[in-house]
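1. This is the structure alone, sequence omitted:
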């Protein structure tokens, strides 16, 4: 049978998708490397309600402000899971409780951005560039972190989950984008033999860019191959997983099989709970159930690799203290961050708790921010990724020093 000719628009479409191959940046070989620190960053897009994830159940103001969505104290029916006598964990997060009890999981409360924006798009951009208020910022902090790590170990690689690079991953260094979840391992137009051959011919005479294309293609092929279940048992196991639990299994597989993969970014949508948020049951509970099962599964599947892997969870801002007239919450300010895995001194809520009194609220409506998210990122960069002071200043410019409330969060 004669090979199908490639239409010009297919090649152009595939070229547009080459951002997913990561053609920018320098060209490095990628042989297997020794063990080293890994960072998995998860962004909960839409602004998760941290006050109903890690709840200050001893604060009467919490219950006064949330007549229909407040969670019952520990010991009550469908009540919170007690963490420390003051904070409780949403019952839908029960899969995470063993990680807390084994001191692998820590919470930072009242964390967030100093920028007051309540725009999802702006706040997510600021969190992904680590440059609050700087709308012209173009490169993401994960890309800058990759540059810093490659200065010591050129073979280090990074992955961004999705069809194209998220803002956090954009910049001068090459980061591969790949679909995970239900679409994980599926070949796109850019992977079809006629298109791939046309692109190879197009880049053949392009000098250094030709080498970048070949390496990007090889990296993508390794990722797509590794996302395929190894055997019937693995296929059956994956078939039983849905949502983030499936993506978590795929992430664990990639991290186990690719020693050079050190930085990973993924995001989960749907946390904008303006309507029918619910308490122990409802929209938020359903989201938390899937997320918690996936995060716990990721920790389990990583097994001993969790000793070198730090998992960081954040969201662009929190939600209002008071519930609205639709049984939900609106865009707020302070929120939670979660850290799990390598070096975490867990089983503790870190940060300075400002309280929920009117005088303590941001703009008299939201949980205040007492820990700048950039301080947490820079702390992780220093203690886990082992970045120098100069590198930290490049990766997280203008990050304030870590507050006393973070002391001891990551073991030296």
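-> Arrived safely, thanks for sending. The shown structure was predicted, so the numbers you read here are calculated from the model rather than taken from an experiment.
2. where do the strands sit along this protein?
-> Taking DSSP state E as the test, the strands found in the chain are 38-44, 54-56, 81-82, 87-89, 105-112, 157-161, 176-178, 261-268, 309-315, 335-341, 349-350, 371-372.
3. Relative to residue 183, how far out is residue 142?
-> 22 Å (C-beta to C-beta, to the nearest Å). (C-beta placed from N, C-alpha, C; glycine too.)
4. Between these two, point out the one with more neighbours.
-> residue 142 (29 against 12; other C-beta atoms under 10 Å).
5. Might you report the residue contacts of that one?
-> Residue 142 is in contact with 41, 128, 158, 160, 168, 169, 175, 263, 265, counting by C-beta atoms under 8 Å, 6 or more residues apart in numbering.
6. again with residue 378
-> With C-beta under 8 Å, 6+ apart, residue 378 has these contacts: 392, 395, 396, 399, 402.
7. Also residue 140?
-> 128, 129, 166, 167, 168, 169, 170, 171.
8. give me that answer again for 6 Å
-> Residue 140 makes contacts with 128, 129, 167, 168, 169, 170, 171, as judged by C-beta atoms under 6 Å, 6 or more residues apart in numbering.
9. Distance of the spatially closest residue to it that is not a sequence neighbour relative to residue 156?
-> Take residue 140 and drop its neighbours on the chain: the residue closest to it by C-beta to C-beta, 6 or more residues apart in numbering is residue 168, 3.7 Å away. Going from residue 168 to residue 156 by C-beta to C-beta gives 16 Å.
10. can you check residue 296 too?
-> Distance from residue 296 to residue 156, by C-beta to C-beta: 27 Å.
11. Which one's more surrounded, the two?
-> residue 156 (25 against 21).
12. Name the nearest residue to residue 166, sequence neighbours excluded.
-> residue 160 (5.5 Å).
13. cool, residue 245 as well?
-> In space, residue 245 is closest to residue 294, 4.2 Å off (C-beta to C-beta, 6+ apart).
14. cool, and residue 318?
-> That would be residue 335: by C-beta to C-beta, 6+ apart, it lies 3.4 Å from residue 318.
15. count of neighbours near the one you found?
-> With other C-beta under 10 Å as criterion, residue 335 counts 29.
16. what sits against it?
-> 50, 112, 315, 318.
17. Residue 320 now?
-> Here residue 320 is in contact with 329, 330, 332, 365, 366 (C-beta under 6 Å, 6+ apart).
18. repeat that for 8 Å
-> 329, 330, 331, 332, 365, 366.
19. any idea which of those is closest to residue 36?
-> Of all those, residue 36 sits closest to residue 332, with 37.1 Å by C-beta to C-beta.
20. Cheers, nothing more for now.
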